[in-house]
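Engineer: predicted model, plus sequence, below.
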Amino acid sequence: NAGVMQNPRHLVRRRGQEARLRCSPMKGHSHVYWYRQLPEEGLKFMVYLQKENIIDESGMPKERFSAEFPKEGPSILRIQQVVRGDSAAYFCASSSRTGGDGNTIYFGEGSWLTVV
Amino acid sequence: AQSVTQLDSHVSVSEGTPVLLRCNYSSSYSPSLFWYVQHPNKGLQLLLKYTSAATLVKGINGFEAEFKKSETSFHLTKPSAHMSDAAEYFCVVRGGAGGTSYGKLTFGQGTILTVHP
């Protein structure tokens, strides 16, 4: 039973390039979340998606960042025109449903983005 | 609104001695609370969770936490530390059930646990 799968695990981009981070949720999970961990900081919520819908994007920067979770395929976090400040670990998480007790959110191993 | 405060940024213990990592929370709803552990350059592993059932929650690797509503605390403990416990620990609160904030976990700043031989 594979967990949350993220790729690439490590990504290096030059300033101005685009970064695409992929996340395949756990089998049976239809809710995906993206979090960012900046150096020396805790994890911050970015976006919450269900299949083909963005539920909550209150943590996403207003520009250059976008996320999707299509009907088929992985969730994608896309960062356009990367800058050095985007260097961080990006964690994807998934859960089976919303509402009710006992609904655990499971995290992937993370994707480390370095902008040079 | 919800928030989490981890009272210690670093905790250092000797192997075989007890571990106490402190966490206080604030939540508008009856909270769901979690402790996650992160080893260097690794992902987050769930240690345990509280979701309005028993107030004393047992987790993996001998960790447990007690939910104390009167103190708004959810401290993590372990009777005897092991070298492999050295990692960063995050106390987490989740938004109210059913709303759009439900998936939004709020993380504490983390506590780095060091275990000395």
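Structural biologist: Ah, there it is.

Engineer: which strand or helix spans residue 90?
Structural biologist: All of this refers to chain A. strand A:88-95 (DSSP states H and E).

Engineer: wait, I meant chain B there
Structural biologist: Counting by DSSP H and E, B:Phe90 is found in strand B:87-94.

Engineer: so after that strand, what's the next helix or strand?
Structural biologist: Using DSSP H and E, the helix or strand that follows strand B:87-94 towards the C-terminus is strand B:105-107.

Engineer: chain A against chain B: which residues are in contact?
Structural biologist: Residues of chain A lying close to chain B (CB under 8 Å from any CB of the partner chain) are A:31, A:33, A:35, A:41-45, A:48, A:55-56, A:58-59, A:91, A:93, A:95, A:98-102, A:104-110, A:112. Yep, even glycine has a C-beta here, placed from its N, CA and C like the rest.

Engineer: the helix or strand following the strand holding A:Tyr90 - contacts with which helices or strands?
Structural biologist: Using DSSP H and E, the helix or strand that follows strand A:88-95 towards the C-terminus is strand A:106-107. Packing partners of strand A:106-107 (3 or more CB pairs under 8 Å, 6 or more residues apart in numbering or on different chains; DSSP states H and E): strand A:88-95, strand B:44-50.

Engineer: strand A:106-107 pairs with which strands?
Structural biologist: Strand A:106-107 has its sheet partners listed here by DSSP bridges as strand A:88-95 (antiparallel).

Engineer: next, count neighbours for A:Ser75.
Structural biologist: By the criterion of other CB atoms under 10 Å in any protein chain shown, A:Ser75 has 23 neighbours.

Engineer: surely it meets A:Leu49?
Structural biologist: Yes. Taking contacts as CB atoms under 8 Å, A:Ser75 lies within contact range of A:Leu49: 6.1 Å.
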